[in-house]
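**Q** Got a predicted structure here, sequence first:
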Amino acid sequence: MGASGQTTVDFGAFPGAVEAQVDISGQSGLVVTSEVEAWVLPIATADHSVDEHLEERMRVLGLYKVDGTLTIRAFQAASPAWKDVNYNNALADGGAQKQRLYGQYNVGWVWN
């Protein structure tokens, strides 16, 4: 077994960002063939309650970066298809604006 832990991803002050990431270094034994996993950890932060952790449409990925370091990437999941119809149709480029997240969320991670 490798290691496990928890960290926070920070999308910054409101209005925030579409994506956030954090590196976890010092993981002796973590190599390119290691399996890495991450998930939203529903523990309140100064910015968000447990319920907000559970309800937010956020995806979290744990990724190998280099030997000894993993990266946690978190981003706003795509909105449901029914919301894409006329969603922010006032945008000049005609594309849908992605919803942003703000503040810190707790994330759990493990690798082996």
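**A** Everything's here; your move.
**Q** So which residues of this structure form helices?
**A** Assigned by DSSP state H, the chain shows helices spanning 50-55, 81-84.
**Q** Am I right that Glu19 is in contact with Ile72?
**A** No: using Cβ atoms under 8 Å, Glu19 makes no contact with Ile72, being 11.2 Å away. Yep, even glycine has a C-beta here, placed from its N, CA and C like the rest.
**Q** So if I had to pick from those two, which one is more boxed in?
**A** Ile72 (23 against 15; other Cβ atoms under 10 Å).
**Q** Which pLDDT value does the model give Val9?
**A** pLDDT, Val9: 98.
**Q** hang on, the earlier thing: mind telling me which of the helices of the chain the model trusts least?
**A** Lowest mean pLDDT of the helices of the chain: helix 81-84, a mean of 52.
**Q** Next one, pLDDT for the residue nearest in space to the middle of the chain please.
**A** Closest to where the C-alpha atoms of the chain average out (Cα atoms, centre = their mean) is Ala74, at 1.5 Å. We have a pLDDT of 97 for Ala74.
**Q** Residue numbering should commence at 17 henceforth.
**A** New numbering, starting at 17: the last item is Ala90.
**Q** ok, and the closest non-adjacent residue to it?
**A** Nearest residue to Ala90, sequence neighbours excluded (Cβ to Cβ, 6 or more residues apart in numbering): Val25, at 4.3 Å.
**Q** mind checking how far that neighbour is from Gly124?
**A** From Val25 across to Gly124, the span is 11 Å (Cβ to Cβ, to the nearest Å).
**Q** So between these two, which is more surrounded?
**A** Val25 (22 against 18).
**Q** what is that one paired to in the beta sheet?
**A** Following DSSP bridges, Val25 is listed with bridge partners Tyr121.
**Q** Val47 is in contact with Trp127, correct?
**A** No: the criterion here is Cβ under 8 Å, and Trp127 misses it with Val47 at 9.7 Å.
**Q** got any residues that touch both of these two?
**A** The contact sets of Trp127 and Val47 overlap at Tyr80 (Cβ atoms under 8 Å, 6 or more residues apart in numbering).
**Q** For those two, indicate the residue with more neighbours.
**A** Trp127 (21 against 12).
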